[in-house]
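# Give the three-dimensional model of this entry:
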Amino acid sequence: MTGPRPSQARIYNRLLGGRDHLTPDRLVADELSDVMPAVGSIAIASRNFLLRAVDHLAQAGARQFLDVGCGLPVGAPVHKVARAVAPRARVVYVDNDPEVAAYARALPARRGGLGVVEGDMHDVETMLAAAADTLNLQQPVVVLMGAVLHFTEAADTILRELAERLAAGSHVVLSHAEAGHPHMEAAAQMYRRMVGPVVLRTATELGVLLKGWDLIGPGIVSAVDWEPGCEPPSARSPLPVLAAVATVPA
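Model prediction:
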């Protein structure tokens, strides 16, 4: 009998310093750290950026959030960050991992205005239809895609379909592993061998994917450097993880 396979969600949980992972996940995470010692810092930078963006957009009036590829939580979950600003904010968590969906459904805070969808980002129409049980899709929605689009070749299709289906004023918040760093390239090769596909992209390539969206803040920068209202830094962080926040134009 074979044991459990490594899981993207549990590996990420391990890299963030969480406890919801198994031996196969620890082995992959530890090997990633051997190949790229900064991988834990990259995961933390990505998560911290996402939560900064949630806080900023909630401060700016956002009241609906769709957390795609939510994973296993470490630290403050999205709904707590959003509701610290807007207590009636509505949040739907989405993941294609049944274990993650089951975990989210068991959250003690799961009551009015919170939802869980076991769905796949590749099927945008079905994902949004399920989320509509909690969210009003005729109003703007913030779609969170933290560290997920580098796991697919179809990122362009996913972002285009979101832009077509979401109300004007909706946002996408994304972080993405960056191409061009030798250690990141080596870590990606290892991950492909042990877990599954990874597609590294440059800032230019990410900009092409976001065609049809309006970038806000400093544009496409390192996750460490993204702050609302700031200009792109003259000397960016060396961590190879990109971040962007963009909106569906009116």
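
# use CA for all of it now, contacts and neighbours both
OK.

# distance of the most centrally placed residue in the chain from Gln139?
With distances taken as CA atoms, centre = their mean, Gly146 lies nearest the centre of the chain, 1.3 Å away. Gly146 sits 22 Å away from Gln139, going by CA to CA, to the nearest Å.

# and if you look at Val124?
17 Å.

# more neighbours, those two?
Val124 (18 against 14; other CA atoms under 10 Å).

# and that one, what is it in contact with?
Ile158, Glu161, Leu162 (CA atoms under 8 Å, 6 or more residues apart in numbering).

# How much space separates the nearest residue in space to Leu15 that is not next to it in sequence from Thr152?
Nearest residue to Leu15 in three dimensions, chain neighbours excluded: Gly40, at 4.9 Å (CA to CA, 6 or more residues apart in numbering). Here the distance between Gly40 and Thr152 works out to 21 Å (CA to CA).

# quick one, which of these two is more surrounded?
Comparing Gly40 with Thr152 by neighbour count (other CA under 10 Å), the higher total belongs to Gly40, at 19 against 16.

# Quick check, the more buried one in contact with Leu16.
Yes. Using CA atoms under 8 Å, Gly40 is in contact with Leu16, at 6.3 Å.

# Tell me, how many residues neighbour Gly112?
Counted with other CA under 10 Å, Gly112 comes out at 11.

# remind me, longest strand of the chain?
strand 214-222 (DSSP state E).

# Flag every buried residue along it.
Asp214, Leu215, Gly217, Pro218, Gly219, Ile220, Val221, Ser222 (16 or more other CA atoms under 10 Å).

# Just give me the least confident of the residues you listed.
Least confident of these in the model: Gly217, at 88.

# Pull the distance from stretch 19-35 to the chain's centre.
Averaged C-alpha coordinates place stretch 19-35 at 20 Å from its chain's average position (CA atoms, centre = their mean, to the nearest Å).

# same check, this time on stretch 206-215
Using CA atoms, centre = their mean, the offset of stretch 206-215 from its chain centre is 16 Å.

# where in the chain is pLDDT low?
1-3, 107-111 (pLDDT under 70).

# Would you map the strands across it?
Under DSSP E, the chain gives strands at 64-68, 90-95, 114-118, 142-146, 171-177, 214-222, 241-247.

# List the contacts of Leu162.
If you count contacts by CA under 8 Å, 6+ apart, Leu162 has them with Val124.

# mind running it again at 10 Å?
Met121, Val124, Glu125, Leu128, Val143, Ser170, His171, Val172, Val248 (CA atoms under 10 Å, 6 or more residues apart in numbering).

# Likewise for Val142?
53-54, 57-58, 62-67, 91, 166, 169-173, 245-247.

# Is it possible to mark the buried ones in the contacts of Leu162?
Among these, the ones that count as buried (16+ other CA under 10 Å) are Met121, Val124, Leu128, Val143, Ser170, His171, Val172, Val248.

# Closest one of those residues to Ala29?
Met121 (23.6 Å; CA to CA).

# For the closest one, give its distance to Ser222.
24 Å.

# likewise Gly196?
Applying CA to CA to Gly196 and Ser222 gives a distance of 24 Å.

# Kindly report the same for Gly115.
Counting by CA to CA, the gap from Gly115 to Ser222 is 31 Å.

# buried set for the lengthiest helix in the chain?
Counting residues, the longest helix found in the chain (DSSP state H) is helix 39-59. Going by neighbour count (16+ other CA under 10 Å), the buried part of helix 39-59 is 39-47, 49-51, 53-58.

# just the angle between that helix and strand 214-222, please?
If you take axes from the mean of the first three to the mean of the last three CA atoms, to 10 degrees, helix 39-59 sits at 160 degrees to strand 214-222.
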